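Enquirer: Here you go, sequence then predicted model.
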Amino acid sequence: ARTCGMPTPSADATVLLSGAFERQGELSERLLHSLPPVLLAPAEASSFAADLMAEEIVKDRPGQQLVLDRLLDLMLVSALRTWFDNPDADAPAWCRALDDPVVGTALRLLHDDPARPWTVAELAAGAGVSRAALARRFTVLVGEPPMAYLTSWRIALAADLLRQTDLTVGTIAKKVGYANAFALSVAFKRLRGMRPSDHRDSDHRDRVATTRTAP
């Protein structure tokens, strides 16, 4: 059942909409760890999507789940945008840096094509500034140099692929920008303190333990 209770025509009736995102990963956790336990956003931040969801959820139509999923995405993005716009919010540096015309461009280039053999000079050219200017501005706004950020982004991507797929370490290495499994293993161990295969094995053991203890 998608609904509970009887609808009422009253304009003052209170309607509670509840939704959840079940899938987690290294990349989503970067944002989750920076959010407060409860995030409050004004109603106008997502009222349009909320009204549409309230109408859609009581119907039974083809493609309903797809529509509800996209509306939930829209409500989440709207709430996060409102939170980021608050100067008192403790938003992660890389999120705020996305609004910068120079650093935001460089970040999007890295996010869109992490496997490319980027250099600071190539990123600077893409952002339309000098190499020194990008390196300085990126480090100030993000908190680490461009290549250090790229490495952590690649390792986060690799960690998700190790957890969510059965791809070999060598295949994952090439997907995230490393020449081979050895190169990925060196970087992974330096940042995470373990080899990629150990990360995959530990996640598998966690899933088995959860399955055995579930009621």
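Expert: Great, that's in hand.

Enquirer: got the contact list for stretch 186-199?
Expert: 151-152, 154-155, 158-159, 162-163, 169, 172, 178, 181, 184-185, 202 (Cβ atoms under 8 Å, 6 or more residues apart in numbering). In short, each C-beta sits where N, CA and C put it, glycine included.

Enquirer: Of those residues, which is the most crowded?
Expert: With neighbours defined as other Cβ atoms under 10 Å, the most crowded of the contacts of stretch 186-199 is Ala158; it has 28 neighbours.

Enquirer: Okay, the spatially most central residue of the chain and Leu35: tell me how far apart.
Expert: In the chain, the residue lying closest to the centroid (Cα atoms, centre = their mean) is Ser28, at 3.4 Å. Distance from Ser28 to Leu35, counting by Cβ to Cβ, to the nearest Å: 11 Å.

Enquirer: thinking again about what came up before, name the helix or strand for the residue nearest to the centre of the chain, please.
Expert: For Ser28, the host element (DSSP states H and E) is helix 26-32.

Enquirer: got it, and Tyr149?
Expert: helix 146-164.

Enquirer: which other helices and strands contact that helix?
Expert: Here helix 146-164 touches helix 26-32, helix 103-112, helix 120-127, helix 131-142, helix 169-175, helix 181-192, helix 196-213, going by 3 or more Cβ pairs under 8 Å, 6 or more residues apart in numbering; DSSP states H and E.

Enquirer: Which one, of the ones you listed, ends up nearest to Ala50?
Expert: helix 26-32 (21.5 Å; Cβ to Cβ).

Enquirer: residues of that closest one that come out buried?
Expert: Glu26 (16 or more other Cβ atoms under 10 Å).

Enquirer: so what pLDDT did Trp94 get?
Expert: Looking at Trp94, its pLDDT is 83.

Enquirer: and the closest residue to it other than its chain neighbours, what is it in contact with?
Expert: In space, Trp94 comes closest to Val142 once its chain neighbours are excluded; the distance is 5.3 Å by Cβ to Cβ, 6 or more residues apart in numbering. Contacts for Val142 (Cβ under 8 Å, 6+ apart) come out as 93-94, 97, 103, 107, 149.
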